[in-house]
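Trainee: here is my input; please provide its structure:
(chains A and B)
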Amino acid sequence: MSPKSASKGYLALVLHSHLPFVRHPEYEDCLEEDWLYEAITETYIPLLRVFEGLVRDKIDFRLTVSLSPPLVTMLNDALLRQRYLRHIERLIELAEKEVRRTRPTPEFHQTAKMYLRKFRECRHYFAEAHHCDLVRVFRDLQESGHLELIACGATHGFLPLLNTHPQTVRAQVAVGAKHYEDSFGRRSRGMWNAECGYFPGLEKLLEAQGVRFFFVDAHGLLYADKPPKFGVFAPLLCEGGVAAFGRDVESSRSVWSAEEGYPGDPHYREFYRDIGYDLDYDYVKPYIHDSGLRIGTGIKYYRITGHRSANKKPYNERMALDTARRHAADFVKSRIEQIEYLAPLMDRPPIIVAPYDSELFGHWWYEGPQFLDQVFRNMAHHQDDLEPITPSIYLKRHPENQSATPSLSSWGNKGYSEVWLEGSNDWIYRHLHKAAERMIESANRFAQPDGMQRRVLNQMARELLLAQSSDWAFIMKTNTMVEYAIRRTKEHLLNFNDLYEQIQNGVLDEVALQKLEDKDNIFPHIDYRVYSDRG
Amino acid sequence: MRAETAKFEMEAPARRRVKTPPAKSQRELPAEYGETRIVLMVRDPRWLFAYWEVAVEDRMRLGLTGGGRSSSLALRVYDVTGKVFDGRNANSFFDVRINDYAVSWYVQTPQANRAWAVDYGYYNEDGEFVTVTRSNSAEAPRNGVAQLSVGSGAWEQIHQVSVGERPNAQIGIAGSAPSSESMAGRGRQGATSSRGPFGSSERRLP
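Mentor: Okay, the predicted model is just below:
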């Protein structure tokens, strides 16, 4: 796509894609691995198909997508790919039964056929069309100039609360940047910091990795040490020239908000009613958890109507897609109105930065991928008013920006660190910080390790990084799957402590080490010296 | 439940008890690391979090457990903004009484955009505060726009749009007025649905 004269304003959509590293070869059927399988079926494949459809129809679109290292690692993992195939094949089998079962009830039959069609398409897309390699599809869309893929911290650690040991923040950033380079064959110009977590000074660690931009929530920019002249509608340049882009509140609210957001429309599919809970136990048993626990299967027949089960109305795909089209038109119209209001007040085209979790689209908001499709198709008719852009292209066109340092902030509830630091999860920090201190101490002490020591030190780094995922603290707070989050935090810290003890005593257990290396196999090329003071 | 928790949601709320088989070992993390230290963290512009440990030898030596000084424990919270804190040069301080079984505390401060350090200690017989261990310094953020310049008219207008208050804006499906019942059906809690400080459910600035 060739550069063109600037539009009146820009829209920078950012989709942040992340799931915590969940891989349990030791269990045949692991509930938490379903996070990945559901996201592949409902989010990643539908989004990729939307993007490919836009390319095919020659729609001029651009957006930024971050892919976290745990997600990329899981998508590239042979065991998880094989398990995904088993998962989607079981879903197809269930959907076939559903098509037969619903024949007497036309209002459900149509939807059953929709699921069967979509699951078959997913299987074909994954296995035949792309040989199980979804990361490759993202990479190709970057090569064709439609996506800008950006890096993410190593394990999605929430950096403002890790900063008691700046080396661990440096390691999150450096290992994440290196992982991106290994995956995509070039350095990332941007970085998604977990939960938009920012503290003043982070820019120096980002700059050291060649990162040129990142994102903060609106108040991170607005409460900068100098008031931003153009609000959140132009980036600020931090020390070293790293650009901080601020999240637009209005476009964010129209998707996230429970009261006003599009996803609450009564025509959209309801998330909770699922045949995994609703149908005869014996009928669904082969498709729920091995233990017999009822879980969501992904087959849901209702739309968002009435909170009492009896009042729920059947889902109608056509009506839902019409609604998504209408909402997409409204979204584009509102952005153009924003631009029209702002443009005369500024000396450059305003940029509206709209970051969302990828998994919101498709998994939570079932019609979300079609909404995005329609947003880009609709924007194509309004290119002079609103142009899709990525931060890299923006910075190329508008390299001069106001200098200031943003304020500590996150996009979590209330805007700071409270989601990850409150009664349910504050106990983890004394252990995480202790492990950080021990990691730094060991990295400094073992500058010249032998082969076994190096392996132990590298595995210590992996266990520490895995324990630092912001997901665990988040899950503890939000009260879903809490036991799992607690167990994972403890497990990685205990593994770390064992390894630390071994390296202290000089008594190394190679069998146990090998087991950990096989299980927690993220970052195979990690170099623990990233934690040393010389790192 | 909020949209952002949905990716971790898979069980019916009433059936949340059962889970994947437990790990082979049910080992616990150490209760203590055998050292005397306090660490200070920032939760938000007005709240700090401190956690600490006093090594058992120090507790015995200072009489901090069981009777004795256990009722005279306190945190001394220093405003160290703009200082390299040496224990004597704080801008001001205040004390928070704590109990002897606490190992962490949330402290509300009087002002945002200040740097803080905290001592864990006790009052001696003369009522003087004695420091047992001192924390790192930590900077809490601003909770408003930096007052370095008065905004122009254009700045005011841009700022208003930046906080999501564009005049005459219709957000999302507000116009089509979905019933509140339908939102309840999604199980999301209005009070926690917004992610940032300018969210629709809490329009106040942080």
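Trainee: hmm, what's the outermost residue in chain A?
Mentor: Summary for chain A: using C-alpha atoms, centre = their mean, the residue whose C-alpha lies farthest from the chain's mean C-alpha position is residue A:104, with a distance of 40.5 Å.
Trainee: below-threshold pLDDT in the chain: ranges please.
Mentor: With no chain named, the answer covers chain A. Low-confidence segments of chain A, defined by pLDDT under 70, are located at A:1-6, A:258, A:306-310.
Trainee: I was after chain B.
Mentor: In chain B, residues with pLDDT under 70: B:1-25, B:66-68, B:70, B:148-151, B:171-206.
Trainee: can you rerun that using 90?
Mentor: Residues of chain B meeting the criterion pLDDT under 90: B:1-27, B:60, B:62-71, B:100-101, B:125, B:147-154, B:167-206.
Trainee: and the longest helix along it, is it in reach of chain A?
Mentor: Within chain B, and with DSSP state H defining each element, the longest helix by residue count is helix B:153-162. Yes - residues of helix B:153-162 contacting chain A under C-beta under 8 Å from any C-beta of the partner chain: B:154, B:155, B:157, B:158, B:159, B:161, B:162. For glycine as for every other residue, the C-beta is placed from the backbone atoms N, C-alpha and C.
Trainee: got the contact list for residue A:439?
Mentor: A:168, A:460, A:461, A:464, A:496, A:528, A:531 (C-beta atoms under 8 Å, 6 or more residues apart in numbering or on different chains).
Trainee: measure the last one to chain B for me?
Mentor: When you say that, I think you mean residue A:531. Between residue A:531 and chain B the distance is 18 Å, computed by C-beta to the nearest C-beta, to the nearest Å.
Trainee: burial count for that residue?
Mentor: The local packing count at residue A:531 equals 25, with neighbours defined by other C-beta atoms under 10 Å in any protein chain shown.
Trainee: contact partners for it?
Mentor: Taking C-beta under 8 Å, 6+ apart as the test, what residue A:531 contacts is A:167, A:168, A:171, A:439, A:440, A:442, A:443, A:461.
Trainee: test my guess that the last one contacts residue A:525.
Mentor: No - under the criterion of C-beta atoms under 8 Å, residue A:461 makes no contact with residue A:525, lying 11.3 Å away.
Trainee: ok, the two, which is more surrounded?
Mentor: Ranked by neighbour count (other C-beta under 10 Å), residue A:461 and residue A:525 place residue A:461 first, with 25 against 9.
Trainee: what helix or strand does the more buried one sit in?
Mentor: Here residue A:461, judged by DSSP states H and E, is contained in helix A:451-467.
Trainee: residues from the stretch 51-200 of chain A in reach of chain B?
Mentor: Within reach of chain B by C-beta under 8 Å from any C-beta, the stretch 51-200 of chain A has these residues: A:160, A:161, A:164, A:200.
Trainee: let's have these in a markdown table, adding neighbour count and secondary structure.
Mentor: Listed next are those as a markdown table, based on neighbours: other C-beta atoms under 10 Å in any protein chain shown; DSSP: H, G, I helix; E, B strand; the rest coil:
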| residue | neighbour count | secondary structure |
| --- | --- | --- |
| A:160 | 25 | helix |
| A:161 | 27 | helix |
| A:164 | 18 | coil |
| A:200 | 17 | coil |
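Trainee: what's the closest of the residues you listed to residue A:267?
Mentor: For these, the closest approach to residue A:267 (C-beta to C-beta) belongs to residue A:160, at 39.5 Å.
Trainee: buried set for the helix holding residue A:461?
Mentor: Going by neighbour count (16 or more other C-beta atoms under 10 Å in any protein chain shown), the buried part of helix A:451-467 is A:453, A:455-467.
Trainee: who's in contact with residue A:419?
Mentor: In this structure, residue A:419 makes contact with A:195, A:410, A:412, A:413, A:473, A:474, A:477, judged by C-beta under 8 Å, 6+ apart.
Trainee: that older thread, give the other helices and strands that the helix holding residue A:461 contacts.
Mentor: Contact analysis of helix A:451-467 by 3 or more C-beta pairs under 8 Å, 6 or more residues apart in numbering or on different chains; DSSP states H and E lists helix A:166-184, helix A:428-445, helix A:482-505, helix A:510-519 as its packing neighbours.
Trainee: may I have it exported as PDB, CA atoms only?
Mentor: This file holds the C-alpha atoms of helix A:451-467, laid out as PDB (Å, rounded to 0.1, in the frame of the first residue of the first chain):
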ATOM      1  CA  GLY A 451      26.800 -26.800  31.400                       C
ATOM      2  CA  MET A 452      24.500 -28.100  34.200                       C
ATOM      3  CA  GLN A 453      24.700 -24.900  36.200                       C
ATOM      4  CA  ARG A 454      23.700 -23.000  33.100                       C
ATOM      5  CA  ARG A 455      20.600 -25.300  32.600                       C
ATOM      6  CA  VAL A 456      19.600 -24.800  36.200                       C
ATOM      7  CA  LEU A 457      20.000 -21.000  36.000                       C
ATOM      8  CA  ASN A 458      18.000 -20.800  32.700                       C
ATOM      9  CA  GLN A 459      15.200 -22.900  34.200                       C
ATOM     10  CA  MET A 460      15.100 -20.700  37.300                       C
ATOM     11  CA  ALA A 461      14.600 -17.700  34.900                       C
ATOM     12  CA  ARG A 462      11.700 -19.600  33.200                       C
ATOM     13  CA  GLU A 463      10.000 -20.500  36.500                       C
ATOM     14  CA  LEU A 464      10.400 -16.900  37.700                       C
ATOM     15  CA  LEU A 465       8.900 -15.500  34.500                       C
ATOM     16  CA  LEU A 466       6.000 -17.900  34.600                       C
ATOM     17  CA  ALA A 467       5.200 -17.000  38.200                       C
END
